[in-house]
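Colleague: With the sequence up front, the predicted model follows.
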Amino acid sequence: MKLLLITCFFFLSVHLIAQPNCNVYLWNGDTAQYKACQYLESNIEKYYQFSKNFHLVIDSALLICPRFAYAYREKSAPFVKSGNFTEWKKNIDLAVTYDSLIYLPVRASLRYKFFADYEGAIDDIVLLEKLSSKLVEYTSNGTYHLEVVKALCYKQTGNSAKALAILEKHLLTNKATPGLYDFLHLAVLYLQAGRYREAEEFLLLQNKAYEYADTYFYLAKCYKAQSKMDAFLDSKNKAAQLYKIRQKLTDPYNELIDQVYLSDIENL
Amino acid sequence: MNLKQLVLFFLFLCCSTSLFSQQTRWVDDILPDSLLDDPAFRICYNEDQAIQYFNNGKGMEYEGDKPALTDIFHKQYKPVASIGQTGFIRIRFIVNCNGESGRFRMLCSDLNYLPVQFDTKITDQLLAITKSLKGWKPKLWKESKVDYYQYLLFKIKDGNLIAILP
């Protein structure tokens, strides 16, 4: 049931963020974008986004309105998935040019996820903060709030203290609804700072939402550091058991930050 | 829209349409090239049946998982000490239904995602190591082993290999 809910969450979040409401353009008196949007909406779902026809539909929509940011974002999507950074960036930059508030978060979250471009992602988020005081709820793939993306990017650039401060503010002070892996990331930062009591607290909270092999791996590390050997062995065994049934952090495109592998668990 | 914007837009459309040749069906499909490819490499099915590495929801599949793959690169890649050799290098290729790889193609950019050429001491090493990888798992699609497109993306800073994706 939980897995079903998680799947629905992913699907809905991607769907909700991906589809523009064409009527908004009409209400704003922008008939060119409205027509381009309607054309795209009526034709695009027939084709796979890697296909020639998909791109022909997008190009036709852009002929109707060359300012239609959503079309550039859609055009960029297969390129990010094929690792074609030059074509992706050319198209996503145009989406950002024509609608910065909507597409800066998309560009930021894809920069860090697909290209390990943590500095570029932070630059995009900082720029977005200058343009708008409130960061959007969830990023393009629905996994993370942009505050969490910002924290993870700071962590990956070696600034764990800043990452921890951002996550604490987001999850504990502002009491944001935690995302799928948020408590795990927070706990790992505590663990790396030697704050074992807090690390354990949030790993156990993560387990209350859903149990991952990765969470038990970090629990085992936490117990080992405190010489709690029985708890360490229990957690290590549970991590291996969950890993073997693929109940672990996973993403179809990329390795996730703090994700672990069977060799990590066995070498604990 | 002024004339300059209109010209730029049509140039953009021309460039984007040229991404597909007559024979390719999908973005970034790799056609065989007798000058570049190992003649012994064959895909198992038709060109239009190759899937993308993420289509089965399992991401990159390599024997020993990603740590085994990154270990190979970190052991074999010799850093090329050179300030300014910084950016991204993607090597895209096909893994056939037997787990053999071929049709390797390279794409390079700086950190601003603009095309650049790297020192061949860097690119030759990465290409050679990628070609030597033997742990690709055949992907299952509807219970059959299929051909698929995979890529490796290397982030390089001053000639050092600092990240491998996906």
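Modeller: Thanks, I have it. Numbering: from 1, shown residues only, chains lettered A, B, ... in the order given.
Colleague: Going by C-alpha atoms from here, please, whenever you check contacts or count neighbours.
Modeller: OK.
Colleague: and the residue most central in space within chain B, how far is that from B:Q150?
Modeller: Of all residues in chain B, the one closest to the mean position by Cα atoms, centre = their mean is B:R92, 1.6 Å from it. Distance, B:R92 to B:Q150, using Cα to Cα, to the nearest Å: 6 Å.
Colleague: mind checking which helix or strand of chain A has the lowest mean pLDDT?
Modeller: helix A:2-18 (a mean of 40; mean pLDDT, DSSP states H and E).
Colleague: got a list of what the residue nearest to the centre of chain B touches?
Modeller: B:103-106, B:149-152 (Cα atoms under 8 Å, 6 or more residues apart in numbering or on different chains).
Colleague: residues touching the residue lying closest to it once chain neighbours are set aside, list them.
Modeller: Excluding its sequence neighbours, the residue lying closest to B:R92 (Cα to Cα, 6 or more residues apart in numbering or on different chains) is B:Y151, at 4.0 Å. The contact partners of B:Y151, taken as Cα under 8 Å, 6+ apart, are A:82-83, B:90-93, B:166.
Colleague: TSV please, covering those and showing secondary structure and pLDDT.
Modeller: Output for the contacts of B:Y151, formatted as TSV (DSSP: H, G, I helix; E, B strand; the rest coil; pLDDT from 0 to 100):
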residue	secondary structure	pLDDT
A:S82	coil	95
A:G83	coil	95
B:R90	strand	98
B:I91	strand	98
B:R92	strand	98
B:F93	strand	98
B:P166	coil	97
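Colleague: Nearest to A:R195 among those?
Modeller: B:P166 (31.0 Å; Cα to Cα).
Colleague: Not counting sequence-adjacent ones, nearest residue to the closest one?
Modeller: A:N254 (4.6 Å).
Colleague: three-state assignment of the residue nearest to B:R92?
Modeller: For B:Y151, the assignment made with DSSP: H, G, I helix; E, B strand; the rest coil gives strand.
Colleague: Spell out which residues of chain B are next to chain A.
Modeller: Residues of chain B found near chain A (Cα under 8 Å from any Cα of the partner chain) are B:9, B:13, B:17, B:20, B:25-28, B:54-60, B:64-65, B:67, B:88, B:90, B:107, B:109, B:113-115, B:150-151, B:153, B:155, B:163, B:165-166.
Colleague: could you flag which of those are buried?
Modeller: B:9, B:13, B:20, B:26-28, B:54, B:59-60, B:65, B:88, B:90, B:107, B:109, B:113, B:115, B:150-151, B:153, B:155, B:163, B:165-166 (16 or more other Cα atoms under 10 Å in any protein chain shown).
Colleague: Among the residues you listed, which lie within strands?
Modeller: Members of those lying in strands (criterion: DSSP state E): B:88, B:90, B:107, B:109, B:150-151, B:153, B:155, B:163, B:165.
Colleague: Let's have the residues you listed in a markdown table, adding distance to A:F232.
Modeller: A markdown table is the format used below for those (distance: Cα to Cα, whole Å):
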| residue | distance to A:F232 |
| --- | --- |
| B:F88 | 40 |
| B:R90 | 40 |
| B:L107 | 45 |
| B:S109 | 45 |
| B:Q150 | 37 |
| B:Y151 | 37 |
| B:L153 | 36 |
| B:K155 | 36 |
| B:A163 | 31 |
| B:L165 | 31 |
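Colleague: Burial check on residue 38, number of neighbours?
Modeller: Picked chain A for this. The number of residues packed near A:Q38 is 16, by other Cα atoms under 10 Å in any protein chain shown.
Colleague: Oops, wrong one, chain B.
Modeller: Quick note: B:D38 (other Cα under 10 Å) scores 14 neighbours.
Colleague: again, but for B:P39
Modeller: B:P39: 12 neighbours (other Cα under 10 Å).
Colleague: Doesn't it belong to a helix?
Modeller: No - using three-state DSSP, the assignment for B:P39 is coil, not a helix.
Colleague: for it, phi and psi?
Modeller: Dihedral angles of B:P39 (phi, psi; degrees, to the nearest 10) stand at phi -60, psi -20.
Colleague: Looks like A:A239 contacts A:K221 (just checking).
Modeller: No - if you go by Cα atoms under 8 Å, A:A239 and A:K221 don't touch, sitting 11.1 Å apart.
Colleague: how about CSV for the contacts of B:R92, with distance to A:R107 and pLDDT added?
Modeller: CSV is the format used below for the contacts of B:R92 (distance: Cα to Cα, whole Å; pLDDT from 0 to 100):
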residue, distance to A:R107, pLDDT
B:R103, 30, 98
B:F104, 28, 98
B:R105, 25, 98
B:M106, 23, 98
B:Y149, 24, 97
B:Q150, 23, 98
B:Y151, 21, 98
B:L152, 20, 98
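Colleague: Of these, select the buried ones using a ChimeraX command.
Modeller: Provided next is the ChimeraX selection string for whichever of the contacts of B:R92 are buried by 16+ other Cα under 10 Å:
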select /B:103,104,105,149,150,151,152
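Colleague: With respect to chain A, which of the contacts of B:R92 is nearest?
Modeller: Among the contacts of B:R92, B:Y151 lies closest to chain A (Cα to the nearest Cα), at 6.9 Å.
Colleague: Give me the distance between the closest one and B:Q76.
Modeller: In this view, B:Y151 and B:Q76 are 19 Å apart by Cα to Cα.
Colleague: Kindly report the same for A:S160.
Modeller: A:S160 is 30 Å from B:Q76, by Cα to Cα.
Colleague: now B:I122
Modeller: Taking Cα to Cα, one finds B:I122 at 12 Å from B:Q76.
Colleague: out of the two, which sits in the busier spot?
Modeller: B:I122 (20 against 13).
Colleague: Low-confidence ranges, the chain, go.
Modeller: In the absence of a named chain, chain A is used. Along chain A, segments meeting pLDDT under 70 span A:1-18, A:135-142.
Colleague: You answered for a different chain; I wanted chain B.
Modeller: In chain B, residues with pLDDT under 70: B:1-24.
Colleague: Contacts made by stretch A:231-250 with the rest, please.
Modeller: With Cα under 8 Å, 6+ apart, stretch A:231-250 has contacts from A:211-217, A:219-224, A:256, A:259-262, A:265-266, A:268.
Colleague: Mind checking which of those residues land in helices?
Modeller: Members of the contacts of stretch A:231-250 lying in helices (criterion: DSSP state H): A:213-217, A:219-224, A:262, A:265-266.
Colleague: Now tabulate those residues in a markdown table and tack on neighbour count and distance to A:Q38.
Modeller: As requested, these are exported to a markdown table (neighbours: other Cα atoms under 10 Å in any protein chain shown; distance: Cα to Cα, whole Å):
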| residue | neighbour count | distance to A:Q38 |
| --- | --- | --- |
| A:A213 | 29 | 45 |
| A:D214 | 27 | 44 |
| A:T215 | 32 | 45 |
| A:Y216 | 27 | 48 |
| A:F217 | 27 | 49 |
| A:L219 | 29 | 51 |
| A:A220 | 27 | 53 |
| A:K221 | 23 | 53 |
| A:C222 | 27 | 54 |
| A:Y223 | 21 | 57 |
| A:K224 | 18 | 58 |
| A:L262 | 19 | 48 |
| A:I265 | 22 | 51 |
| A:E266 | 12 | 54 |
